[in-house]
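K.L.:
Prediction below, plus the sequence it came from.
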Amino acid sequence: MIALKSYDGDTFVVEEAVALESQTIKNMMEENCGGTSIPLPNVTSNILAKVIEYCKRHINADKATDEDINAYDANFVNVDQGTLFDIFLAANYLNIKSLLNLTSQTVADLIKGKTLEEIRKTFDIKNDFTSEEEEVHKEKAWATLNLCKNLFANHLKLVQVCNIFRNPSKRKNIRKRVAMEDPKEDDIESAVIYKKTTSGPTRPHIGPNFEYKSYKEIQIQSDGRATAMLETETEFSRDAQAIREKVLKKSEEDLKRKNKSVGVEKLYKGIHGYTDYKAGFRREQTVASEKVGGAHGPLRASTHIRVSSKFDYQPDICKDYKETGYCGYGDACKFMHDRGDYKSGWQLEKEWNEREKAKVKALASRMKDDNEGDAEMSDGIDGDSLPFACSICREPFVNPVVTKCKHYFCEHCALKRHARSKKCFMCNQPTNGIFNTAFEIRRKIAARGK
């Protein structure tokens, strides 16, 4: 169920199928901008109730006949003029096409066959013509009457535009609440209060007969002729493929008539009128099977694909500036001042391949050197090549530590050295403050102690 909130603050709970009849409500539901209820600030309660009734009736239109629907529509728009205009504006705001078409036709019928004064009275339009203009209109009434009728017929479109872009009045349709006694708990019922129809409708005033309003966006052709058709080829109804299709169709009809033992007229029908009597003994001839051979003229060119190629044999580069770096014309030279050298595609590809090979070779040699260094280091560690004293204090290890570069020091000597210099005492490489416990030295010291 969907909750719709009118301008008066009344809430209507309707089925989702009824609400989806309005394209405006459908867009709000997709964007989830209504929350628990969808606000409709441009529609009052009584008009919204009528619109909901119309949508419910047309959802079940499949079960009813066309006569019943037409009778219901005629009875639905059989209301006073003010209510009809409000329903029309609500249908335009809610974007209900069927209701908008119905009310538009009904409003158009109101001015059909009426005079200029009657049309003004119907739409509550003030006569702003001067006395001189009135005399001209009387003299040329035959020319101005049809023009005015057309202008008033287009009045509905102007009303739609005005209704979309104007802000609704804050004090419009404000109803006074009647003071009521506090109801008892057993008498509490939900109800919707409908607004009384005003006696005389007020319509927006129409300005001059001819107006022009510019648009902010630039009016350009955005498609770029993307769907344009190629008109330089022969028409499809007269090209070689069309002629061949007619011949095959005629041959098929003649063969069918021959199989039915129907007399075939022995008339000469031109070079394209021959009948293929071998069709039953081999593959059936079709235009698709004959395209490869090209025996019946060229194929149809694509109508929606335009291929263009440009070969720049004249790059328009100033020869004097490229060779010498100087041009007598200076900035007035119409050619491009560029001293760059350009290589062909095969030269660029060759150089790229050489660079990639060099990178692979360097990477392979680096990996080989790293493996050899790791092997030598592991051999040194596994052997009896561990130092027996600290390289800084020249005394036996006390809490030995090892750096990233595999050099061993006492813990207090390494920290004292690190306070003065951030580099290793032996190889002068950055230690980054990393001193790990030398388990190899500790195991060796423990073994000697035993």
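P.N.:
Looks like it arrived, so ask away.
K.L.:
for the closest residue to Gln23 other than its chain neighbours, what are its contacts?
P.N.:
Leaving out its chain neighbours, the residue that sits closest to Gln23 by Cβ to Cβ, 6 or more residues apart in numbering is Asn95, at 3.8 Å. Yep, even glycine has a C-beta here, placed from its N, CA and C like the rest. When contacts are counted by Cβ atoms under 8 Å, 6 or more residues apart in numbering, Asn95 touches Ser22, Gln23, Thr24.
K.L.:
I'd like to know which of the residues you listed are buried.
P.N.:
Ser22, Thr24 (16 or more other Cβ atoms under 10 Å).
K.L.:
Mind checking which of the contacts of Asn95 are in strands?
P.N.:
Applying DSSP state E to those, no entry is found in strands.
K.L.:
In CSV, list the contacts of Asn95 along with distance to Tyr274.
P.N.:
Rendered in CSV, the data for the contacts of Asn95 read as follows (distance: Cβ to Cβ, whole Å):
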residue, distance to Tyr274
Ser22, 64
Gln23, 59
Thr24, 65
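K.L.:
which of the contacts of Asn95 lies closest to Lys269?
P.N.:
Set against Lys269, the nearest of the contacts of Asn95 by Cβ to Cβ is Gln23 (57.9 Å).
K.L.:
Can you give me the pLDDT of that closest one?
P.N.:
In this model, Gln23 is scored at 80, pLDDT.
K.L.:
And the helices in the stretch 51-200 of the chain?
P.N.:
For the stretch 51-200 of the chain, helices defined by DSSP state H, counting those that start in this stretch occupy the ranges 66-76, 81-94, 97-110, 116-123, 131-139, 141-153, 155-165.
K.L.:
Lowest mean pLDDT across the ones you listed, which one is that?
P.N.:
Among those, helix 155-165 carries the lowest mean pLDDT, a mean of 46.
K.L.:
Report the rounded mean pLDDT for the next helix-or-strand element following it.
P.N.:
As assigned by DSSP states H and E, the chain's next helix or strand after helix 155-165 is helix 240-259. Computed over helix 240-259, the mean pLDDT rounds to 80.
K.L.:
Can you show me the CA trace of helix 240-259 as PDB?
P.N.:
The C-alpha atoms that make up helix 240-259 are tabulated as PDB, following Å, rounded to 0.1, in the frame of the first residue of the first chain:
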ATOM      1  CA  ALA A 240      20.400  -5.900 -58.100                       C
ATOM      2  CA  GLN A 241      19.300  -7.700 -55.000                       C
ATOM      3  CA  ALA A 242      15.700  -6.600 -55.300                       C
ATOM      4  CA  ILE A 243      15.600  -7.700 -59.000                       C
ATOM      5  CA  ARG A 244      17.100 -11.100 -58.100                       C
ATOM      6  CA  GLU A 245      14.600 -11.600 -55.300                       C
ATOM      7  CA  LYS A 246      11.700 -11.000 -57.700                       C
ATOM      8  CA  VAL A 247      13.200 -13.500 -60.100                       C
ATOM      9  CA  LEU A 248      13.500 -16.200 -57.400                       C
ATOM     10  CA  LYS A 249      10.000 -15.500 -56.200                       C
ATOM     11  CA  LYS A 250       8.600 -15.800 -59.700                       C
ATOM     12  CA  SER A 251      10.500 -19.000 -60.300                       C
ATOM     13  CA  GLU A 252       9.100 -20.500 -57.100                       C
ATOM     14  CA  GLU A 253       5.600 -19.600 -58.100                       C
ATOM     15  CA  ASP A 254       6.000 -21.100 -61.600                       C
ATOM     16  CA  LEU A 255       7.400 -24.400 -60.100                       C
ATOM     17  CA  LYS A 256       4.500 -24.700 -57.700                       C
ATOM     18  CA  ARG A 257       2.000 -24.200 -60.500                       C
ATOM     19  CA  LYS A 258       3.700 -26.800 -62.600                       C
ATOM     20  CA  ASN A 259       3.600 -29.300 -59.800                       C
END
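K.L.:
Name the residues of that helix that come out as buried.
P.N.:
Buried residues in helix 240-259, defined by neighbour count with 16+ other Cβ under 10 Å: Ala240, Gln241, Arg244, Val247, Leu248, Ser251, Asp254, Leu255.
K.L.:
ok, so of the residues you listed, who is nearest Gln81?
P.N.:
Taking Cβ to Cβ as the measure, Gln81 sits nearest to Gln241 out of the buried residues of helix 240-259, at 61.8 Å.
K.L.:
what about that closest one, distance to Arg300?
P.N.:
Computed as Cβ to Cβ, to the nearest Å, the Gln241 to Arg300 distance reads 6 Å.
K.L.:
Having no further points to raise, I will conclude here.
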